[in-house]
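Colleague: the following comprises the amino acid sequence and a computationally predicted model.
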Amino acid sequence: MTLGMGQAGERSALDPADAEALRRAQGGDDAAFEELVSRYAGELYGLAFFLTGQASDAEDVVQETLLGAYERLAAFESRSSVKTWLSRILVNQAARHHRSQRVRKAAQPLQLTAAAAELLQGAVAASPAAASEIRMDVLDVIQTLRPEYREIVVLRELQGLSYQQIAEVLSIPAGTVESRLFRARQDLKELLKDYLA
Amino acid sequence: MGCEVCVKAGAYLDHELPAREREAYEAHLSTCAECAQELARLERLSRFLSAAGTPEFSRPQLSWNPVVKRQKLVRFAEALMAAAGLVMAVCGFCLLKSSAQPDSATVAGWERMALTQQAEAPPAPEPEDPIAQAVLRGQP
């Protein structure tokens, strides 16, 4: 589950198909904008789902993200990829949503399903049937993290963004990405210590 | 975490270490059980997290149309409010102008008639009482 962005050259190179759709969208073609955002709607939803922890909230956040993108379309200068741009808007929308909800799950205790526990204890792969159970376990674990750690873990571990891309999405220096990710992983290890031992 | 090199495990796992650092880390890894254990933990953690996969996007129709409708509605409401503001401004201006300079045309008909009759009315007859006549003439 990766966004599939190149790790280099993003600053100078938009995906050619994105660039064409973007050009038409910026010229006022609504259908081109629809085409552009439809390519990433599923991935944006995945990002929103793990950041908010709720399917309905994720839909709201995606909706707000697309609205925000439409409003900022003229100001987008293609310095990052369309995916990074949309992800940045979404992360901001999710943070706003989270502030309005003010809900954070308790850090302890965590009871994982057997399939998730096996993965953490070293099993090579989980059965496809267990995927949805594991997803809910991951969701529970991620929701216990501080918001800034949750963002960075989701962007790296679930979305597969490079440190440079994460830095662009979160508007932080690349060096901060590494240190914040380190601390987030320390928290995760502590949270899951019974399973990772 | 006693070994200082262990902090590099995450960046190594993420393929974010420069080539020289990566080689140094790998060389260190073969001699440090703590780093090897840390890396193994992070690998399992990463495998667990990435196994979450992509949740099914159940509402693909959500992607655009409602946004366009809302955007257009907002624009329509903004235009409506601007028009209403303009009308109110024009009305306010006219009201101010009319109150500053009263127009004779706006004087009610009955008032105009009363004023005309008053102007055309014959002077009041002098009183017959000589004392009253003296008072009116200002004589002592």
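Modeller: Cool, got the structure.

Colleague: now do the helices in chain A.
Modeller: A:16-26, A:30-38, A:41-52, A:55-72, A:82-101, A:114-120, A:131-143, A:147-153, A:163-170, A:174-191, A:193-196 (DSSP state H).

Colleague: count the neighbours of residue 111 for me.
Modeller: Picking chain A for this. 9 (other C-beta atoms under 10 Å in any protein chain shown). Glycine gets a C-beta too; all of them are placed from N, C-alpha and C.

Colleague: that's the other chain; I wanted chain B
Modeller: Neighbours of residue B:111 (other C-beta under 10 Å): 9.

Colleague: can you check residue B:56 too?
Modeller: For residue B:56, using other C-beta under 10 Å, the count is 12.

Colleague: could you list the low-confidence segments of chain A?
Modeller: Chain A contains residues with pLDDT under 70 at A:1-13, A:100-109, A:126.

Colleague: quick check, central residue of chain A?
Modeller: By C-alpha atoms, centre = their mean, chain A has its centre lying nearest to residue A:47, at 3.4 Å.

Colleague: circling back: and the helices of chain A, which is most packed in?
Modeller: Greatest average neighbour count among these goes to helix A:41-52 (a mean of 24), per mean count of other C-beta atoms under 10 Å in any protein chain shown.

Colleague: that one packs against which elements?
Modeller: helix A:55-72, helix A:82-101, helix A:131-143, helix A:147-153 (3 or more C-beta pairs under 8 Å, 6 or more residues apart in numbering or on different chains; DSSP states H and E).

Colleague: to chain B, which of those lies closest?
Modeller: Closest of those to chain B is helix A:131-143, at 3.8 Å (criterion: C-beta to the nearest C-beta).

Colleague: got the contact list for the closest one?
Modeller: The contact list for helix A:131-143 (C-beta atoms under 8 Å, 6 or more residues apart in numbering or on different chains) reads A:49-50, A:53, A:104-105, A:110, A:112-113, A:115-116, A:119, A:126, A:150, A:153-154, A:158, A:188, A:191-192, B:48-49, B:51-53, B:55.

Colleague: okay, now residue A:124: neighbour count?
Modeller: 7.

Colleague: so it versus chain B, what's the distance?
Modeller: 8 Å (C-beta to the nearest C-beta, to the nearest Å).

Colleague: quickly note the distance from that residue to residue B:44.
Modeller: 10 Å (C-beta to C-beta, to the nearest Å).

Colleague: ok so, going back, residue B:94: which of the helices of chain A is closest?
Modeller: Nearest to residue B:94, of all those, is helix A:55-72, at 37.0 Å by C-beta to C-beta.

Colleague: packing partners of that closest one?
Modeller: helix A:30-38, helix A:41-52, helix A:82-101, helix B:65-100.

Colleague: and the angle from that helix to helix A:82-101?
Modeller: Angle, helix A:55-72 to helix A:82-101, by axes from the mean of the first three to the mean of the last three C-alpha atoms, to 10 degrees: 120 degrees.

Colleague: distance from helix A:55-72 to the middle of the chain?
Modeller: Computed by C-alpha atoms, centre = their mean, to the nearest Å, the chain-centroid distance of helix A:55-72 equals 13 Å.

Colleague: average pLDDT for whichever helix or strand residue B:112 is part of, rounded please.
Modeller: Here residue B:112 sits within helix B:109-120, counting by DSSP states H and E. For helix B:109-120, mean pLDDT is 73.

Colleague: only the buried residues of that helix, if you could.
Modeller: Using 16 or more other C-beta atoms under 10 Å in any protein chain shown as the burial criterion, none of the residues of helix B:109-120 qualify.

Colleague: contacts for that helix, please.
Modeller: Contacts of helix B:109-120 (C-beta under 8 Å, 6+ apart): none.
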